[in-house]
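Q: My questions concern the predicted model and sequence given below.
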Amino acid sequence: MTHDLGKALRIAAGACLALAGCASVPNRSIHDPALPLLAQPGPSRVAQYDVDWFDAKRQRQVGAHIYAPESPAGALPVNVFSHGIGNSRHGYQYPRKPWAVYGYVSVHPSHAGLNTEAARRGWWHLFRKGFDRQNLIDVPEDLHFVIDQMQNDDALPPPLRGHIDRARFGVSGHSLGAYGALAMGGLRVLFPDQGVVNFRDPRVRAAVPISMSENFQPASYSDISIPMLHITGTRDWDPLYATWARKRRVPFNSIQRDDQYLMVVRGANHSTFSEEDRPSIRMAHDAVRVSTILFWNAYLRDDATSLAQLRGGQLARALELLASVSIKPPRAPRIGSIFIHAAPLFDPEEQERGGF
């Protein structure tokens with residue numbers, strides 16, 4: 001690539017980021033008497049832990065930051081959150097801390113080579129890193145490893161030992177991390193050698209992919225086998241990666257299951273979901289907090305009331321000033337099969353007599 005072209009791309013990137021930064025979410029409220037409470041401080045005090053694990057099989061360091069109820073009681077469901085390129089295990093506090101407040105263990109691993117260290121090497125390195133196919137292997141393998149560690153008491157901070165519900169894991173993520181969440185659910189990944197890999201982890205019961213950054217064909221989503229809440233924004237596009245707002249909706253549109261939900265936040269762009277709280281985007285974050293807690297309660301805790309609020313339209317009505325919420329309709333039932341076998345009307349003997 002020539003110096004001039006590289007300079008032009010950097011200028012274009014700056015312009016795109018400036019345009020994206022101008023986006024703000026309408027200053028509107030969640031108008032429902034019950035659901036806004038989920039955006040507020042919840043019933044538990046939160047403890048935080050840092051762990052540094054090492055995957056000997058891959059010779060790879062995988063650190064993580066954990067939010068959890070300060071005084072855990074019983075076995076708690078777990079949410080593993082996968083960050084986007086250039087972020088870190090300490091980012092995305094706005095949804096993860098409230099999840100812990102409402103009784104979830106929220107684990108945020110650091111993806112080596114894709115975290116803030118990549119960002120420190122400059123914009124050009126970060127941009128090129130987004131096209132590295134190795135990411136499509138490293139991210140899901142990191143998530144598999146983290147779930148392994150969360151099931152091993154010896155690998156956990158002492159206060160969490162004996163308090164992990166090993167049957168209730170969810171995975172969420174933003175941007176490349178959204179790919180990780182989809183991979184845990186059964187996304188079919190085609191590699192340049194034409195081999196297809198499915199990274200499905202049967203221990204994961206539900207997922208929340210936020211602003212999926214990777215462009216896959218609709219057929220890649222045919223094996224998705226878990227409930228998902230897909231989140232994006234009306235201004236969620238990135239011309240440098242040729243990802244337009246409509247492409248963020250491809251996963252929801254392509255998965256043929258009736259437990260798929262799509263929330264599109266008005267005015268939100270790609271970075272809205274990775275930035276920390278500030279007045280101009282706080283309502284967008286409230287929408288994410290409310291919808292995800294409701295979703296986790298429904299599918300990680302089997303809470304019938306939360307499921308009814310999701311499927312019955314209460315969430316959509318509560319967020320209608322901030323976001324649109326879509327639900328996949330139930331698939332039409334198939335009642336048996338009809339087979340038609342075409343054969344000559346007359347047998348040979350009848351044909352010799354001219355028919356009847």
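A: That came in fine, so what should we check first?
Q: For the residue nearest to the spatial centre of the chain, give me phi and psi.
A: Geometric centre of the chain, nearest residue: residue 209, 1.5 Å, by C-alpha atoms, centre = their mean. Main-chain torsions, residue 209, degrees, to the nearest 10: phi -80, psi 130.
Q: thought it was touching residue 227?
A: No: the pair residue 209 / residue 227 is not scored as a contact, 11.7 Å apart, by C-beta atoms under 8 Å. C-beta here means a position set from N, CA and C on the backbone, and glycine is covered the same way.
Q: how many neighbours does residue 48 have?
A: Residue 48 has 16 neighbouring residues, counting by other C-beta atoms under 10 Å.
Q: swap that for residue 55, sorry
A: Taking other C-beta under 10 Å as the neighbour definition, residue 55 ends up with a count of 17.
Q: And the pLDDT at it?
A: With respect to pLDDT, residue 55 scores 96.
Q: check which helix or strand covers the residue lying closest to it once chain neighbours are set aside.
A: Nearest residue to residue 55, sequence neighbours excluded (C-beta to C-beta, 6 or more residues apart in numbering): residue 145, at 4.9 Å. Counting by DSSP states H and E, the element that carries residue 145 is helix 135-150.
Q: Can you point out the buried residues in that helix?
A: Within helix 135-150, the residues scored as buried using 16 or more other C-beta atoms under 10 Å are 135-147, 149-150.
Q: tell me what it is packed against?
A: Applying 3 or more C-beta pairs under 8 Å, 6 or more residues apart in numbering; DSSP states H and E, one finds that helix 135-150 contacts strand 46-55, strand 60-69, strand 76-82, strand 105-109, strand 164-174, helix 176-185.
Q: show me where the protein has helices.
A: Along the chain, the stretches classed as helices by DSSP state H are 3-21, 93-101, 116-120, 123-129, 135-150, 176-185, 250-254, 282-300, 304-311, 314-318, 348-352.
Q: Let me know which of the helices and strands packed on helix 135-150 is tucked in deepest.
A: Highest mean neighbour count among the helices and strands packed on helix 135-150 (mean count of other C-beta atoms under 10 Å): helix 176-185, with a mean of 29.
Q: send the alpha carbons of it over as PDB?
A: Provided in PDB are the C-alpha atoms of helix 176-185 (Å, rounded to 0.1, in the frame of the first residue of the first chain):
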ATOM      1  CA  LEU A 176     -15.900  -9.100  17.200                       C
ATOM      2  CA  GLY A 177     -17.100 -10.200  20.600                       C
ATOM      3  CA  ALA A 178     -20.600 -10.600  19.100                       C
ATOM      4  CA  TYR A 179     -19.100 -13.000  16.600                       C
ATOM      5  CA  GLY A 180     -17.800 -15.000  19.700                       C
ATOM      6  CA  ALA A 181     -21.300 -15.100  21.200                       C
ATOM      7  CA  LEU A 182     -22.700 -16.300  17.900                       C
ATOM      8  CA  ALA A 183     -19.900 -18.900  17.600                       C
ATOM      9  CA  MET A 184     -20.900 -20.300  21.000                       C
ATOM     10  CA  GLY A 185     -24.400 -20.700  19.700                       C
END
